[in-house]
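In: Generate a structure from the sequence data that follows.
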Amino acid sequence: MQRKWWTLLVACVAIFMLLLDVSVVNVALPDIREDLDASFSDLQWVIDAYALALAALLLTAGSLADLLGRRRVFAFGLALFTLASLLCGLAASPLALNVARAVQGIGGAVMWSTSLALIAQEFEGRERGTAFGIWGATTGVAIALGPLVGGALTDSLGWEWIFFINVPVGIAACAITLAKLAESRDPEARGVDWIGVGTFSSALFMLVFALIRGNEEGWTSAPIVGLLAGGVVLLVAFVVAELRQERPMLDLSLFRKPTFAGASIVAFTLSASSFALLLYLTLYMQNVLGFTPLETGVRILPLTLLAFAVAPIAGKLAAVVPVRALMGVGLSFCGLGLALMHGITADSEWTELLAGFLLLGAGIGTINPSLVSTAVGVVAAARSGMASGINNTFRQLGTATGIAGFGAIFTAQVESKWGELTAATPAAGEGGRAMVSHVSTGASDSAMAAAPADAGPSIATALPEAFVSGLNQIFVVGSVLAFAGAALALVLIRKRDFVDGATPAEARTADSVPGSHEAVPAPQAAGTERRA
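Out: Residues are numbered from 1 along each chain as shown. Predicted structure coming up:
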């Protein structure tokens with residue numbers, strides 16, 4: 001086999017593993033909670049530790065690869081991801097799992113930021129278009145199959161195997177990388193913006209940690225106020241540092257164009273309003289409705305498969321429909337889907353969520369083909385790598401902050417409803433924060449174990465009602481967020497912001513390398529063009 005095909009193979013394997021681990025974990029969370037005695041905030045961190053590491057390091061990893069060698073850095077990312085996957089499966093406590101997830105996210109950021117550059121150095125012309133098409137299809141399949149694969153592995157082998165499965169695949173991919181791939185560097189690379197990395201990642205961690213712990217510690221408590229203030233100060237320091245850098249990690253000047261800002265907002269609101277809710281939907285399906293992980297994965301498939309099916313249709317529509325309309329309509333679909341999910345009760349069946357699932361899938365599929373290509377379409381080709389990386393960073397930020405923010409709202413509503421429902425029952429007085437973590441995960445077994453013996457019947461009735469009350473609340477918030485994103489997309493994304501004379505190849509991004517200073521174009525569907 002020629003070297004270029006080995007390169008494509010390992011790049012696709014890497015992106016499949018890292019994106020699968022974005023979605024595969026959700027359906028395993030109830031089993032993780034039970035085996036590791038994890039709290040609600042622990043479960044939030046299982047997702048957020050991974051997403052935050054991706055968000056914080058996507059841009060930096062590309063710069064590091066330019067400096068040290070893309071093959072070398074890619075192999076390091078693969079090895080780190082593989083080792084972290086092993087440590088995730090071996091974790092004996094929530095803390096150990098979440099630390100390993102963060103390390104896994106670091107490896108994932110490295111693989112994501114270098115895989116496209118490796119493909120670009122081996123393929124030219126139409127073959128490059130084919131290679132990027134295969135890479136893009138791999139990303140779609142990974143996201144679509146994640147819940148089903150996670151459910152099947154968790155049901156048959158245990159939750160640990162959603163991580164163990166990466167180990168032999170990662171070892172093989174790493175060996176092929178070292179044996180078959182060519183090395184390349186950017187001769188003009190000038191190093192890594194460590195000040196930007198430090199301030200950005202620290203600010204994100206402090207803000208998300210405060211959101212996750214706010215209800216438990218108290219929003220006016222010294223630790224939470226200190227974390228929020230520290231996060232804001234570090235964000236300001238990050239902005240100041242980036243403005244003073246000759247080659248910043250995140251080029252803030254790109255946001256001067258309303259269309260670039262609009263694409264970033266769409267990326268953030270799409271993830272925050274829709275993808276972040278999968279955690280709570282999974283807990284509802286398994287712990288309230290009683291489905292197994294595999295049954296849960298099957299029921300989430302309509303959402304992911306429809307997103308996969310709609311994407312190529314939306315790509316063709318981009319030839320005749322303005323991009324801002326596609327993004328506005330897509331986020332409106334998401335907002336409407338979440339609004340339709342609102343109103344479930346403790347006696348509802350999962351089918352009451354189906355219409356919302358279908359609209360969410362249609363919305364995600366409508367947005368994705370044009371999202372990052374819009375971001376890179378408004379910058380010069382030499383800056384498209386940075387533009388793509390920023391857009392992908394905003395996606396991960398949306399997931400991380402969405403999970404934390406929804407968690408704060410959800411927990412507060414659950415606590416309030418729990419106190420109301422148990423006020424005149426033997427469970428009265430058990431609605432404090434000690435019980436809320438059990439109720440928030442829908443864990444009736446641990447909730448009953450923590451309550452007085454005569455409170456069991458009251459808890460059995462109150463628990464699902466309190467849980468769906470919290471779920472309905474975040475459906476409303478998510479819907480409002482999606483509609484707000486849709487409105488901003490329609491206002492900010494403008495035809496005149498796109499670079500004059502941009503070719504379809506320059507406009508597509510499955511295409512640019514996050515963090516790299518060189519543009520890596522990929523093909524657009526035949527017959528499509530950019531419209532605003």
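In: Near the residue nearest to Ala79 when sequence neighbours are not counted, how many other residues are there?
Out: Spatial nearest neighbour of Ala79, chain neighbours left out: Cys174 (5.3 Å); criterion: C-beta to C-beta, 6 or more residues apart in numbering. Where C-beta positions appear, they are placed from N, C-alpha and C, glycine not excepted. A count of nearby residues for Cys174, using other C-beta atoms under 10 Å, gives 21.
In: How about the one 5 residues further on?
Out: When neighbours are defined as other C-beta under 10 Å, Ala179 has 8 of them.
In: helix or strand right after whichever helix or strand it is part of?
Out: For Ala179, the host element (DSSP states H and E) is helix 166-180. Following helix 166-180 in sequence order, the next helix or strand is helix 194-217 (DSSP H and E).
In: What mean pLDDT does that next one get?
Out: Mean per-residue pLDDT for helix 194-217: 86.
In: Pro369: which element?
Out: Going by DSSP H and E, Pro369 is part of helix 354-377.
In: ok, back up a step: identify all contacting residues around the helix holding Ala179.
Out: Helix 166-180 has contacts (C-beta atoms under 8 Å, 6 or more residues apart in numbering) with 3, 6-7, 9-10, 13-14, 17, 21, 71, 74-75, 78-79, 81-82, 85-86, 89.
In: backbone phi and psi for His342, please?
Out: Taking degrees, to the nearest 10, you get phi -60, psi 140 for the backbone angles of His342.
In: dump the residue contacts of it.
Out: Contact analysis of His342 by C-beta under 8 Å, 6+ apart lists Asn472, Phe475, Val476, Ser479.
In: and the last one, what helix or strand is that in?
Out: Looking back up the chat, that one is Ser479. Applying DSSP H and E as the criterion places Ser479 in helix 456-492.
In: hang on, Phe268 in a helix?
Out: Yes. Assigned with DSSP: H, G, I helix; E, B strand; the rest coil, Phe268 falls within a helix.
In: Report all helices and strands that the helix holding Ser479 contacts.
Out: For helix 456-492, the packing partners by 3 or more C-beta pairs under 8 Å, 6 or more residues apart in numbering; DSSP states H and E come out as helix 258-273, helix 278-283, helix 323-341, helix 384-421, helix 433-440, helix 444-450.
In: what helix or strand does Leu306 sit in?
Out: Leu306 belongs to helix 293-317, assigned by DSSP H and E.
In: Leaving out sequence neighbours, find the closest residue to Ala355.
Out: Leu340 is the one closest to Ala355 (C-beta to C-beta, 6+ apart), at 5.1 Å.
In: Please enumerate the strands of the stretch 51-200 of the chain.
Out: Remark: no strands are assigned in the stretch 51-200 of the chain by DSSP state E, counting those that start in this stretch.
In: picking up where we left off before, pipe the contacts of His342 into CSV and attach pLDDT, distance to Asn368 and neighbour count per row.
Out: Listed next are the contacts of His342 as CSV, based on pLDDT from 0 to 100; distance: C-beta to C-beta, whole Å; neighbours: other C-beta atoms under 10 Å:
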residue, pLDDT, distance to Asn368, neighbour count
Asn472, 95, 27, 17
Phe475, 96, 22, 26
Val476, 96, 25, 15
Ser479, 96, 20, 21
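In: Go through these and name the one nearest Ile390.
Out: Ser479 (26.3 Å; C-beta to C-beta).
In: contacting residues for the residue lying closest to that closest one once chain neighbours are set aside?
Out: Among residues not flanking Ser479 along the chain, Leu338 sits closest, at 3.9 Å (C-beta to C-beta, 6+ apart). For Leu338, the contact set (C-beta under 8 Å, 6+ apart) comprises Ser273, Ser274, Leu277, Gly356, Leu360, Phe475, Val476, Gly478, Ser479, Ala482.
In: if you set the cut-off to 6 Å instead, what comes out?
Out: Phe475, Gly478, Ser479 (C-beta atoms under 6 Å, 6 or more residues apart in numbering).
In: Relative to Thr399, how far out is it?
Out: 16 Å (C-beta to C-beta, to the nearest Å).
In: what do you get for Val236?
Out: 24 Å.
In: of the two, who's got more company?
Out: Using other C-beta under 10 Å as the criterion, Val236 and Thr399 rank with Thr399 on top: 27 against 12.
In: Does that one touch Ser271 like I think?
Out: Yes. Assessed by C-beta atoms under 6 Å, Thr399 is found in contact with Ser271 at 4.5 Å.
In: ok, back up a step: quick one: the helix holding Pro369 to chain centroid distance?
Out: 14 Å (C-alpha atoms, centre = their mean, to the nearest Å).
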